[in-house]
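> for reference, the sequence and a predicted model appear below.
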Amino acid sequence: MASSSAKPISTPPFTTTISSSSSSSRPSTRSSLLSFIRNTTPTPISLKLSHSRNSFLNSRSSSFRSLSIKNATKTIESAETSRLSKVGGQDADSQETKPTILVSEKLGEAGLELLRSFGDVDCSYDLSQEDLRKKIASCDALIVRSGTKVTRQVFEAAKGKLKVVGRAGVGIDNVDLQAATEFGCLVVNAPTANTVAAAEHGIALLAAMARNVAQADASMKAGRWQRNKYVGVSLVGKTLAVMGFGKVGSEVARRAKGLGMQVIAHDPYAPVDRARAIGVELVSFDQAISTADFISLHMPLTPSTEKVFNDDTFAKVKTGVRIINVARGGVIDEDALVRALDSGKVAQAALDVFTEEPPPKDSKLVQHERVTVTPHLGASTKEAQEGVAIEIAEAVVGALQGELAATAVNAPMVPAEVLSELAPYVVLAEKLGRLAVQLVAGGSGIKSAKVVYRSSRDPDDLDTRLLRAMITKGIIEPISDSFINLVNADFTAKQKGLRISEERVVVDTSPEFPIHSIQVQLSNVDSKFGSGVSEGGDISIEGRVKYGKPHLTRVGSFSVDVSLEGNLILCRQVDQPGMIGQVGNILGEQNVNVSFMSVGRTVQRRKAIMAIGVDEEPNQETLKKIGEVPAIEEFVFLKL
């Protein structure tokens with residue numbers, strides 16, 4: 001669930017210690033896995049490299065330098081100016097060309113004024129895809145809202161001229177990020193200007209639902225006077241659960257406190273001190289939904305949150321609960337909500353967003369008498385629209401000037417030699433981050449992570465910016481709507497209140513391989529798998545690249561060796577004969593294929609960890625059977 005914090009990330013100096021180890025396996029080049037940060041435009045763009053010793057992102061090696069999009073932009077503009085001068089017979093210095101900015105959907109006047117002060121603005125609304133492709137070939141920037149589809153065909157039609165796409169709003173589902181990156185186009189959005197408007201709409205729905213405002217209004221306009229039918233409920237003293245304590249969620253909490261409500265929240269990233277300052281208690285998911293009188297949803301739509309409010313979830317809520325959703329429609333199983341409303345488990349719902357927008361005219365949910373609905377109005381205030389216009393205009397102008405906006409959702413090109421060498425380690429880094437965050441017990445929050453790189457190379461000759469970004473991506477993306485890349489990884493971590501530190505440990509291996517192993521440690525969190533906790537009390541996992549593939553080599557204090565492909569089951573068991581066979585038989589009976597299996601132990605015939613790689617996701621009954629094996633003390637299923 002998304003959240004933010006104003007706390008800065010402090011990155012300590014790299015520490016170096018000496019130990020010995022064996023060499024790792026030769027990495028293989030898998031550049032396709034890094035396409036989200038590569039520029040593979042048909043006409044290569046040459047990026048000039050700059051270097052600053054003051055930035056923690058920079059390496060002191062002459063082989064690795066920080067990237068400057070400004071220089072790349074100037075290179076493009078210089079080339080274009082040179083081409084025009086040759087065609088027109090004019091001297092390049094005598095020409096000044098303004099960038100062309102196409103605005104395909106309505107934008108606030110304040111934003112348009114800012115754009116006009118910098119370039120030539122073409123406001124062409126309601127373009128067909130064919131017309132958009134025709135226009136885009138002469139444009140340097142494109143600004144859209146949610147209605148314009150910026151497809152691969154649009155980027156192809158731009159032929160490399162399009163430098164930036166700006167989405168006036170948060171979501172970027174209508175922009176093909178993969179194609180944008182391949183064609184060297186930066187994509188930026190405007191994620192902050194809508195915050196207050198969305199929070200106010202959430203509170204408006206909360207109050208309107210509690211007092212049956214919409215239903216009573218419709219009744220009176222139909223000529224009826226039904227005072228007894230529309231008796232509402234008071235908000236004072238009621239418990240509101242805010243699911244997702246990010247920017248919007250925290251603003252809703254502030255306003256609900258002003259209405260005299262008791263507010264609790266669930267968000268794995270929300271800093272406890274920030275919640276406490278507002279007077280909000282952070283709790284687990286189950287505790288939040290089971291104790292709340294009202295539940296307000298402010299979580300992003302991710303694979304882990306899709307339909308998270310389903311039949312099973314509704315079975316756990318307090319009977320008579322009321323639900324508000326101004327976040328994403330897909331987080332609710334709409335059919336399950338209808339069943340919960342019909343049974344009385346859920347008393348009322350107030351919805352601004354839907355799985356399909358607009359929803360079908362015959363939608364049972366929309367037509368339900370105890371449901372209040374609005375057509376995605378969360379950001380629809382004059383002030384919010386102006387704020388979004390200014391925010392996206394500033395981001396687009398900055399990008400055209402060569403600056404890297406903090407709201408960028410894709411990344412610049414990385415030198416090919418760095419990508420080639422680090423490709424398999426990038427995959428390892430992201431998967432270790434994903435594994436680590438899945439070991440965290442709900443409600444404990446993630447505040448700090450430490451990454452330890454073991455390598456035979458001098459720290460000055462090892463550029464870990466990309467690996468750090470991918471670990472951040474692995475930790476944050478599974479439970480957030482953030483898009484993490486080389487540009488915004490540290491900014492996003494800061495917004496989430498997540499502090500990431502790095503340590504380099506020199507080991508005696510071949511310098512031919514950049515990294516021997518990567519270890520990820522999460523501090524001050526509870527673990528749902530006790531064996532994943534190291535002697536120091538941190539969740540700790542470690543991996544290596546072997547034969548070009550990422551492998552998990554240590555969980556807590558236990559050594560394992562399992563390829564990080566498919567999914568993973570970790571079991572702590574009594575070290576005794578037959579355990580592999582028992583678990584293997586359970587999986588085989590359910591047609592779940594085992595790809596890898598490894599057992600690590602501390603002392604013979606005592607405790608051991610069995611790591612099992614599986615191609616398919618076992619169903620709940622299969623996992624239950626594994627947990628019922630007498631010698632298995634705990635287990636966890638992890639998605640990769």
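Perfect, I can see it now. Numbers count the residues shown, from 1 in each chain.
> have a look at this protein and report its longest helix.
What stands out as the longest helix in the chain, according to DSSP state H, is helix 416-438.
> how about that helix as CSV, C-alpha atoms only?
Output of helix 416-438 as CSV, limited to C-alpha atoms (Å, rounded to 0.1, in the frame of the first residue of the first chain):
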residue,chain,number,x,y,z
ALA,A,416,25.9,-1.0,-22.5
GLU,A,417,29.0,-2.5,-20.8
VAL,A,418,27.5,-2.0,-17.4
LEU,A,419,24.2,-3.6,-18.4
SER,A,420,25.9,-6.5,-20.0
GLU,A,421,28.1,-7.3,-16.9
LEU,A,422,25.4,-6.7,-14.3
ALA,A,423,22.4,-8.2,-16.1
PRO,A,424,22.1,-11.5,-14.1
TYR,A,425,22.9,-9.7,-10.9
VAL,A,426,20.1,-7.2,-11.6
VAL,A,427,17.6,-10.1,-11.7
LEU,A,428,19.1,-11.5,-8.5
ALA,A,429,18.8,-8.1,-6.7
GLU,A,430,15.1,-7.6,-7.6
LYS,A,431,14.2,-11.1,-6.5
LEU,A,432,16.0,-10.8,-3.2
GLY,A,433,14.1,-7.6,-2.5
ARG,A,434,10.8,-9.4,-3.4
LEU,A,435,11.6,-12.3,-1.2
ALA,A,436,12.6,-10.2,1.8
VAL,A,437,9.5,-8.0,1.8
GLN,A,438,7.3,-11.2,1.7
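> the following helix or strand past that helix to helix 416-438, inter-axis angle?
Later in the chain than helix 416-438, the nearest helix or strand by DSSP states H and E is strand 448-455. Comparing the axes of strand 448-455 and helix 416-438 via axes from the mean of the first three to the mean of the last three Cα atoms, to 10 degrees yields an angle of 140 degrees.
> contacts for strand 448-455, please.
Contacts with strand 448-455, where a contact means Cβ atoms under 8 Å, 6 or more residues apart in numbering, come from 19, 21, 436, 462, 464, 467-468, 471, 475, 498-507, 509, 514-524, 538. No exception for glycine: its C-beta is placed from N, CA and C like everyone else's.
> could you point out which element follows that strand?
Sequence order places helix 465-476 as the next helix or strand after strand 448-455, per DSSP H and E.
> please name every helix or strand in contact with the next helix or strand after that following helix.
Next along the chain after helix 465-476, taking DSSP H and E as the criterion, comes helix 489-495. Using 3 or more Cβ pairs under 8 Å, 6 or more residues apart in numbering; DSSP states H and E, the elements in contact with helix 489-495 are helix 465-476, strand 499-506.
> so for the last one, mean pLDDT?
In this model, strand 499-506 has an average pLDDT of 92.
> for it, packing partners?
Right, strand 499-506 is packed against strand 448-455, helix 465-476, helix 489-495 by 3+ Cβ pairs under 8 Å, 6+ apart.
> export it as PDB, just CAs?
Below are the C-alpha coordinates for strand 499-506, written out as PDB (Å, rounded to 0.1, in the frame of the first residue of the first chain):
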ATOM      1  CA  ARG A 499      16.300   4.100   4.500                       C
ATOM      2  CA  ILE A 500      18.600   1.900   2.400                       C
ATOM      3  CA  SER A 501      22.300   1.600   3.200                       C
ATOM      4  CA  GLU A 502      25.000  -0.300   1.400                       C
ATOM      5  CA  GLU A 503      28.100  -2.100   2.500                       C
ATOM      6  CA  ARG A 504      31.000  -3.500   0.400                       C
ATOM      7  CA  VAL A 505      32.900  -6.500   1.600                       C
ATOM      8  CA  VAL A 506      36.100  -7.500  -0.200                       C
END
